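>>> Here is a sequence together with a model predicted from it:
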Amino acid sequence: MSAHAEAAHDHGHHGPPPANRSSRLDPATLGMFLFIASEAMLFGAFFTAYFFVRVVNPDAPSTWPPPPYEFPVFVASVNTAILVTSSFTIHWATQSIKRGDRNGLKAGLVVTILLGSAFLLTQMIEYAHVGFNTSDGAFASVFFGLTGLHGAHVFVGLTLLTIAAVRAFRGHYSPEHHHGVELPGIYWHFVDVMWIVVYATVYLI
């Protein structure tokens, strides 16, 4: 390379060279998927404990939960409908900003936050009226463990969505730059999917 070419190259480039990508996904999205994979393993540990108590442990009762306790299946079903609906609204928000529709983005984020908050509020009411606590046996421990772990993830998701909503109302996103919405949206879909698994495992099976 000639001295003139080197000078032109140095003049046009500042800082370290761009990082090499070994995946078609951009680093931020790949990082979110890797984080979700680690969280899925955390849930897997809790599900392992649940199935040990429920299936493997010979001292587990034949009826689940043991009489006279009952899981609030109806309340959980309502919460499932709420959370599944929130997946559609966050998808609406993400697709809206990709089309340049800022109003759709704002509306989708606000509705998703309201639905997520309704889910947490309903779960707290459920805990207050469920009729047992963590000292009432292994069934209660796995119930509060799994649903409480998921509730903590819903809270984290709501925090991320609230930050995204504040930025949206300040006009921070565009069709070209919307990772601040897309990444919390991916996490929120994960939270929704995990609730469906928790709901089917704990309340229905």
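Thanks, I have it.

>>> switch to C-alpha atoms for all contacts and neighbour counts from now on
Will do.

>>> mind listing what's buried in the top helix by length along the chain?
When the chain is parsed with DSSP state H, its longest helix is helix 138-169. Neighbour-count burial for helix 138-169 flags 138-147, 150-151, 153-154, 156-158, 160-162, 164-165, 168 (criterion: 16 or more other C-alpha atoms under 10 Å).

>>> ok, now stretch 171-180?
Under 16+ other C-alpha under 10 Å, the buried positions of stretch 171-180 are 173-174, 178-180.

>>> Tell me the one among these nearest to residue 76.
residue 180 (30.4 Å; C-alpha to C-alpha).

>>> and stretch 186-198, what's its mean pLDDT?
Here stretch 186-198 scores 96 as its mean pLDDT.

>>> begin at 427 from here
With 427 as the first residue, the last one maps to stretch 612-624.

>>> Tell me how far it lies from the chain's centre.
5 Å (C-alpha atoms, centre = their mean, to the nearest Å).

>>> Identify the residues contacting that stretch?
Contact with stretch 612-624 is made by 458, 462, 506, 509-510, 513, 516, 572-573, 576, 579-580, 583, as judged by C-alpha atoms under 8 Å, 6 or more residues apart in numbering.

>>> what's the neighbour count on residue 454?
Using other C-alpha atoms under 10 Å, residue 454 has 12 other residues around it.

>>> mind listing the strands for the protein?
Listed in chain order, the chain contains no strands at all (DSSP state E).

>>> Give the residue spans of it that score low on pLDDT.
The chain contains residues with pLDDT under 70 at 427-449, 483-488.

>>> how does it look with 80?
Applying pLDDT under 80 to the chain flags the ranges 427-452, 480-493, 560-561, 563-564.

>>> What's the separation between the residue nearest the centre of it and residue 537?
In the chain, the centroid-proximal residue (C-alpha atoms, centre = their mean) is residue 617; its distance is 2.8 Å. Using C-alpha to C-alpha, to the nearest Å, one gets 16 Å for the distance from residue 617 to residue 537.

>>> just to revisit the earlier point, name the nearest of the contacts of stretch 612-624 relative to residue 499.
Closest to residue 499, out of all of the contacts of stretch 612-624 and judged by C-alpha to C-alpha, is residue 506, at 10.2 Å.

>>> how many other residues sit next to the closest one?
Residue 506 has 18 nearby residues by other C-alpha under 10 Å.

>>> How about the contacts made by it?
621-622, 625.

>>> go on, residue 593?
Contacts of residue 593 by C-alpha under 8 Å, 6+ apart are residue 599.
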